[in-house]
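**Student:** Next one to model:
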Amino acid sequence: MHLPLHKTKIVCTIGPSSDTIEKMIQLINAGMSVARLNYSHGGFETHALTITMLRKASEVCKRSISILADLPGPKMRVGKLGVDSIWLETRSKYILTAEEIIGDESKISVSFKDLPNVVKPGHILYLNDGIIQLCVEKITGKAVHCQVIVGGELRSNKGLNLPGIDLGIPAFTDHDYECMKHALESGVDAVSQSFVNNAGDLLRLKKAALELGYRPFVIAKIERSVAVENLDEILQASDGIMIARGDLGVEIPIEKIAIIQKQIIQKANLLGKPVITATQMLGSMVSNSRPTRAEVSDVSNAIYDGTDCVMLSEESAMGKYPVESALMLAKIAVSVEDAKTEGIYRRRQDFYRKDNTHITDTISYNVYQSVSHLNACAVFVQTQTGYVARMISRFKLSVWVMSVTSDIHVFRSLQFSYGLMPILSESDHKNWNTFIQKVLKVSKQASGIIILVEAPSKDKLNDTHRMSIIHLPN
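**Tutor:** Just a heads-up that it's a prediction; the model follows:
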């Protein structure tokens, strides 16, 4: 068993720059725990081949990874232009139309055909990641007449954002259903839903997956302002959260992104829900071999705040330096994790002292205290659903939490949580000392104080997890 130097998990998007077994092996060796497949791009056959190659690469490396299918959601885009690009001048007029046309300097089609029905005069619309801003003046038939407030360059198929506007459509679309069906049948472990509005979007996805015979790990992408408003219910309905800062940075004032990010991470941590911080983490490494100092600080702060995962998008999918980008994330993670002090956990300590309303809260907090005060070298937790392991993970311990489960789906879902090393084992481990010594020897860990959290016996349904302390001699 290989224990990385960093406990923060690394998510890498697979694309043209990384879609060979050789590159996938290099990414896994560099620290990739989760491979993301973006179903907004590429055909089903391509994704199926990528999944097969990822499993093969994992076998070669003898390291387990989780595969995440990212569903497109109701992504809105402009249509095609008759030229490579156009420039929209500030204070000029421009038309967005639901008709299928080839765009020009005066108008362009949009993929969202209900646009004329949901917008009103005065609404602000954004094109090309918010670079271009339009103000709706009037609607005539299928045409939305706008004035350009902030101009810029526009190319074919660029994004359209409508912050604060009720689109009247669910995040989980018919196309998402087909994407999810293909992904699950091809063997992915998790799905992430784009443009989530509320808990209902996730419940529809889960119901559809269950009807197909699957229970995937479901991650909600937070990229709409309404999702921030409904964060509490989304957290309850999801298995994890992704802070998708690209579209979110258009939906809310960009100067508030850092604050919102910290709030989301803190809430997710308290509930034991893994959180992925994504978009432009090392954006300059798409074309440069080294990141900017600002990017390094950005990644460091996300880890320091308690993110479970950091994610590469274009950097690993289309960039010139996919492996170097993953290695850089790993280096930053090691540096930040080593520099953490007790002080950053004080908020969580206070919370659990005041409100230990569930036995798992007490157990997880006691594990944290025991690791700190006894200088333990590892934690072993037996988990049937992954819940207890993730509740321990939220304290971002200084040691690895060996999470023992007999369920392959739980095993792979634990790849999303900070500091969890999943171990797949069918045994009930009546002799934990022998099992622990074997794992420590294989993982080249030092012997010493071990914190053990055992699951209740199957014949004692009313029992609860039990925590004990084992001292293994050197």
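
**Student:** What segments of the stretch 51-200 of the chain are strands?
**Tutor:** Ranges of strands in the stretch 51-200 of the chain, per DSSP state E, counting those that start in this stretch, are 66-71, 85-88, 93-97, 107-109, 124-127, 132-140, 143-150, 152-155, 160-161, 190-193.

**Student:** and the first one, what does it pack onto?
**Tutor:** Yep, that's strand 66-71 we're talking about. strand 32-38, helix 44-61, helix 174-185, strand 190-193, strand 217-222 (3 or more C-beta pairs under 8 Å, 6 or more residues apart in numbering; DSSP states H and E). Just so you know, the C-beta spots here come from the backbone N, C-alpha and C atoms, and that holds for glycine as well.

**Student:** The longest one - contacts with which helices or strands?
**Tutor:** In this structure, helix 44-61 packs against helix 21-30, strand 32-38, strand 66-71, helix 174-185, with contacts taken as 3+ C-beta pairs under 8 Å, 6+ apart.

**Student:** Restricting to C-alpha, output the last one in CSV.
**Tutor:** Just to be clear, that refers to helix 174-185. Output of helix 174-185 as CSV, limited to C-alpha atoms (Å, rounded to 0.1, in the frame of the first residue of the first chain):
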residue,chain,number,x,y,z
ASP,A,174,-32.9,14.4,-20.3
HIS,A,175,-29.4,14.6,-21.8
ASP,A,176,-28.0,14.3,-18.3
TYR,A,177,-30.0,11.1,-17.8
GLU,A,178,-28.4,9.6,-20.9
CYS,A,179,-25.0,10.7,-19.9
MET,A,180,-25.4,9.2,-16.4
LYS,A,181,-26.8,6.0,-17.7
HIS,A,182,-23.8,5.5,-20.0
ALA,A,183,-21.3,6.5,-17.2
LEU,A,184,-22.8,4.1,-14.6
GLU,A,185,-23.1,1.2,-17.0
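
**Student:** what mean pLDDT does it have?
**Tutor:** For helix 174-185, mean pLDDT rounds to 97.

**Student:** if we can go back for a sec, weakest of the strands of the stretch 51-200 of the chain by average pLDDT?
**Tutor:** strand 160-161 - the lowest mean pLDDT of these, at a mean of 92.

**Student:** Residue ranges in the stretch 201-350 of the chain under the pLDDT threshold?
**Tutor:** By pLDDT under 70, the weakly predicted segments of the stretch 201-350 of the chain are 340-350.

**Student:** residue ranges for the helices of it, please.
**Tutor:** Counting by DSSP state H, counting those that start in this stretch, the stretch 201-350 of the chain has helices at residues 225-229, 231-237, 245-251, 257-271, 293-305, 314-317, 322-339, 346-354.

**Student:** so which of those helices gets nearest residue 75?
**Tutor:** Among those, the nearest to residue 75 by C-beta to C-beta is helix 245-251 (8.7 Å).

**Student:** contacting residues around the closest one?
**Tutor:** 126, 129-130, 159, 161, 163-164, 195, 222-225, 228, 257, 260-261, 277-280, 313 (C-beta atoms under 8 Å, 6 or more residues apart in numbering).

**Student:** Identify each buried residue in stretch 2-16, please.
**Tutor:** 4, 6-15 (16 or more other C-beta atoms under 10 Å).

**Student:** can I assume residue 218 is in contact with residue 190?
**Tutor:** Yes: Residue 218 is in contact with residue 190 according to C-beta atoms under 8 Å; the separation is 7.2 Å.

**Student:** Which one's more surrounded, these two?
**Tutor:** Ranked by neighbour count (other C-beta atoms under 10 Å), residue 218 and residue 190 place residue 190 first, with 24 against 20.

**Student:** thought that one was touching residue 69?
**Tutor:** Yes: Residue 190 lies in contact with residue 69 (C-beta under 8 Å); the separation is 7.2 Å.

**Student:** how about the helices in the stretch 351-474 of the chain?
**Tutor:** When assigned using DSSP H, counting those that start in this stretch, the helices of the stretch 351-474 of the chain occupy the ranges 359-374, 387-393, 408-413, 432-442.

**Student:** Now do the buried residues in the last one.
**Tutor:** Spelled out, it's helix 432-442. Using 16+ other C-beta under 10 Å as the test for burial, helix 432-442 gives 432, 435-437, 439-440.

**Student:** Show me what it is packed up against.
**Tutor:** If contacts are counted by 3+ C-beta pairs under 8 Å, 6+ apart, helix 432-442 sits against strand 378-382, strand 449-454, strand 466-471.

**Student:** If we use 10 Å, what do you get?
**Tutor:** Packing partners of helix 432-442 (3 or more C-beta pairs under 10 Å, 6 or more residues apart in numbering; DSSP states H and E): strand 378-382, strand 401-405, strand 420-424, strand 449-454, strand 466-471.

**Student:** Can you lay out those as a markdown table showing mean pLDDT and distance to residue 38?
**Tutor:** Output for these, formatted as a markdown table (pLDDT from 0 to 100; distance: least, C-beta to C-beta, whole Å):
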| stretch | mean pLDDT | distance to residue 38 |
| --- | --- | --- |
| strand 378-382 | 94 | 33 |
| strand 401-405 | 95 | 28 |
| strand 420-424 | 95 | 25 |
| strand 449-454 | 91 | 37 |
| strand 466-471 | 87 | 41 |
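
**Student:** hang on, the earlier thing: mind putting the helices and strands packed on helix 44-61 into a markdown table with distance to residue 138 and mean neighbour count?
**Tutor:** What follows is these, written out as a markdown table (distance: least, C-beta to C-beta, whole Å; neighbours: other C-beta atoms under 10 Å):
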| stretch | distance to residue 138 | mean neighbour count |
| --- | --- | --- |
| helix 21-30 | 51 | 20 |
| strand 32-38 | 37 | 26 |
| strand 66-71 | 35 | 26 |
| helix 174-185 | 31 | 18 |
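
**Student:** Show me which of the contacts of helix 245-251 are buried.
**Tutor:** 126, 130, 159, 161, 163, 195, 222-225, 228, 260-261, 277-280, 313.

**Student:** just so I know, which of the helices and strands packed on helix 432-442 lies nearest residue 77?
**Tutor:** The closest of the helices and strands packed on helix 432-442 to residue 77 is strand 420-424. By C-beta to C-beta, the value is 37.3 Å.

**Student:** okay if I get the helices and strands packed on helix 44-61 as JSON lines plus distance to residue 472?
**Tutor:** What follows is these, written out as JSON lines (distance: least, C-beta to C-beta, whole Å):
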{"stretch": "helix 21-30", "distance to residue 472": "30"}
{"stretch": "strand 32-38", "distance to residue 472": "27"}
{"stretch": "strand 66-71", "distance to residue 472": "30"}
{"stretch": "helix 174-185", "distance to residue 472": "41"}
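
**Student:** quick one: which of those is nearest residue 384?
**Tutor:** strand 66-71 (18.3 Å).

**Student:** Compute the inter-axis angle for that closest one and strand 217-222.
**Tutor:** 50 degrees (axes from the mean of the first three to the mean of the last three C-alpha atoms, to 10 degrees).

**Student:** Take strand 66-71, keep the C-alpha atoms, and write them as PDB.
**Tutor:** C-alpha atoms of strand 66-71 as PDB (Å, rounded to 0.1, in the frame of the first residue of the first chain):
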ATOM      1  CA  SER A  66     -12.300   6.900  -8.200                       C
ATOM      2  CA  ILE A  67     -13.800   7.900 -11.500                       C
ATOM      3  CA  LEU A  68     -16.100  10.900 -11.600                       C
ATOM      4  CA  ALA A  69     -18.600  11.600 -14.400                       C
ATOM      5  CA  ASP A  70     -19.400  15.300 -14.600                       C
ATOM      6  CA  LEU A  71     -22.900  15.800 -16.100                       C
END
